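Peer 1: Got a predicted structure plus its sequence, pasted below:
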Amino acid sequence: MSILIVGTVAFDAIETPFGKTDKIVGGAATYISLSSSFFTKNLNLVSVVGEDFPESSIKMLQNHNVDIQGLQIKKDEKTFFWSGKYHNDMNTRDTLETQLNVLETFDPIVPEQHKECDFLMLGNLAPSVQKKVLDQMTKRPKLVVLDTMNFWMDNFLGDLLESLKEVDVLTINDEEARQLSGEYSLMKAAKKILSMGPKYLIIKKGEHGALLFNNKEVFFAPALPLEDVFDPTGAGDSFAGGFIGYLEKTNDISFENMKRAVIHGSAMASFCVEKFGTQKLEELSNEDVETRLKQFINLVQFDISLV
């Protein structure tokens, strides 16, 4: 069993009401990989960085059992960079600067030994790039999860709709679900999006939890109330990493097990926001994860007598 993760490895500069950072390591694939690593050791990365990306950060990924054969390092070029500032509610943010750099010409090359992966996680990239990865698979993965955002809906909707026909799970936030479907009600939005191709839909609602849909059922997982939220960057990707990591570990893609996977994803997202960037995920222990999962169980478990 193995997971192939495709997405950005990047630099971020982040400002929130609680502080700001200089250039730090980020990117969807980075968060997904680190989060998944607490549930599985079979992680394979396809991404691109520039010559300016530090060797120590590549080593950090390898120390979390991430195979980097698919990580392209472009000589004399710069790594993708994003800078953003969060508002006081921590749910809205302004993009201050985006430098595509190596990402502008990124052509994903899947190493031969990873073309038969069991689980494929397509992080937030141009739909055409996600499709290139799908086309390189020599066998259909057991599960394909795709993340996207409103920018691709605004500018490359046709490409996105083509990709959705080939995925099993779509993960987006509530604003994106409403935009993609044209429906305000999330129940109606889910129904319409599932008709576009995905078998399952996850709608992330930040501090208000996450919803999991298939054509017949709905599951809701709350977010854990936290004392400290410093930086929401990467929380959705950390969620996706915990979700797919747990599914690979258990090798069970039933709706019932996806419910458990959503809880694991929510637990990993709750860690991510407690410090800036990947710092919290880098210093986590397996015991920390186990304790946090127990907190989630206590949050949602109760007895009730119907009379």
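Peer 2: Here it is on my side, so go on.

Peer 1: Name the nearest residue to residue 127, sequence neighbours excluded.
Peer 2: Nearest non-adjacent residue to residue 127, counting by Cβ to Cβ, 6 or more residues apart in numbering: residue 159, 3.8 Å away. Heads up, the C-betas are built off the backbone N, CA and C, glycines and all.

Peer 1: Look up which helix or strand the one you found falls in, please.
Peer 2: helix 157-164 (DSSP states H and E).

Peer 1: what sits up against the very next helix or strand once past that helix?
Peer 2: Sequence-wise, the next helix or strand beyond helix 157-164 is strand 169-173, with elements assigned using DSSP H and E. Residues outside strand 169-173 that contact it (Cβ atoms under 8 Å, 6 or more residues apart in numbering) are 143-149, 164, 180, 193, 198-206, 236, 239-240, 243, 258.

Peer 1: Check which helices and strands the lengthiest helix in the chain sits against.
Peer 2: Of all segments of type helix in the chain, defined using DSSP state H, the longest is helix 255-272. When contacts are defined as 3 or more Cβ pairs under 8 Å, 6 or more residues apart in numbering; DSSP states H and E, helix 255-272 sits against helix 28-36, strand 200-204, strand 210-213, strand 218-221, helix 235-250, helix 279-283, helix 286-300.

Peer 1: To residue 130, which of these lies closest?
Peer 2: helix 28-36 (11.6 Å; Cβ to Cβ).

Peer 1: Mind checking the pLDDT average for the closest one?
Peer 2: Averaging pLDDT along helix 28-36 gives 98.

Peer 1: Number of residues surrounding the closest residue to residue 165 other than its chain neighbours?
Peer 2: Distances taken as Cβ to Cβ, 6+ apart place residue 197 nearest to residue 165, at 4.0 Å, with adjacent residues excluded. Residue 197 has 16 neighbouring residues, counting by other Cβ atoms under 10 Å.

Peer 1: Surely residue 197 and residue 168 touch.
Peer 2: No - between residue 197 and residue 168 there is no contact under Cβ atoms under 8 Å: 9.2 Å.

Peer 1: Can you list the helices and strands that the helix or strand where residue 59 lies packs against?
Peer 2: If you go by DSSP H and E, residue 59 is part of helix 55-63. Judged by 3+ Cβ pairs under 8 Å, 6+ apart, helix 55-63 is in contact with helix 28-36, strand 66-74.

Peer 1: ok, and for it, which residues are buried?
Peer 2: 57, 58, 60, 61 (16 or more other Cβ atoms under 10 Å).

Peer 1: I'd like to know which of those is nearest to residue 247.
Peer 2: For those, the nearest to residue 247 is residue 61 (20.9 Å; Cβ to Cβ).

Peer 1: still on that earlier bit, against residue 88, how distant is the residue nearest to residue 127?
Peer 2: 35 Å (Cβ to Cβ, to the nearest Å).

Peer 1: Please say which of these two ends up with more neighbours.
Peer 2: residue 159 (16 against 8).

Peer 1: can you pull out the strands in the stretch 51-200 of the chain?
Peer 2: 66-74, 81-86, 93-99, 119-122, 143-147, 169-173, 200-204 (DSSP state E, counting those that start in this stretch).

Peer 1: May I see the ones you listed organised as JSON lines, with mean pLDDT, mean neighbour count and distance to residue 278 added?
Peer 2: Putting these into JSON lines (pLDDT from 0 to 100; neighbours: other Cβ atoms under 10 Å; distance: least, Cβ to Cβ, whole Å) gives the following:
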{"stretch": "strand 66-74", "mean pLDDT": "97", "mean neighbour count": "19", "distance to residue 278": "12"}
{"stretch": "strand 81-86", "mean pLDDT": "95", "mean neighbour count": "18", "distance to residue 278": "14"}
{"stretch": "strand 93-99", "mean pLDDT": "93", "mean neighbour count": "12", "distance to residue 278": "18"}
{"stretch": "strand 119-122", "mean pLDDT": "98", "mean neighbour count": "28", "distance to residue 278": "17"}
{"stretch": "strand 143-147", "mean pLDDT": "98", "mean neighbour count": "25", "distance to residue 278": "17"}
{"stretch": "strand 169-173", "mean pLDDT": "97", "mean neighbour count": "25", "distance to residue 278": "19"}
{"stretch": "strand 200-204", "mean pLDDT": "97", "mean neighbour count": "25", "distance to residue 278": "19"}
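
Peer 1: Out of those, which is closest to residue 23?
Peer 2: strand 81-86 (7.2 Å).

Peer 1: which residues are contacting that closest one?
Peer 2: Outside strand 81-86, the residues touching it (Cβ under 8 Å, 6+ apart) are 10-17, 23, 26, 92-99, 101, 231-233.
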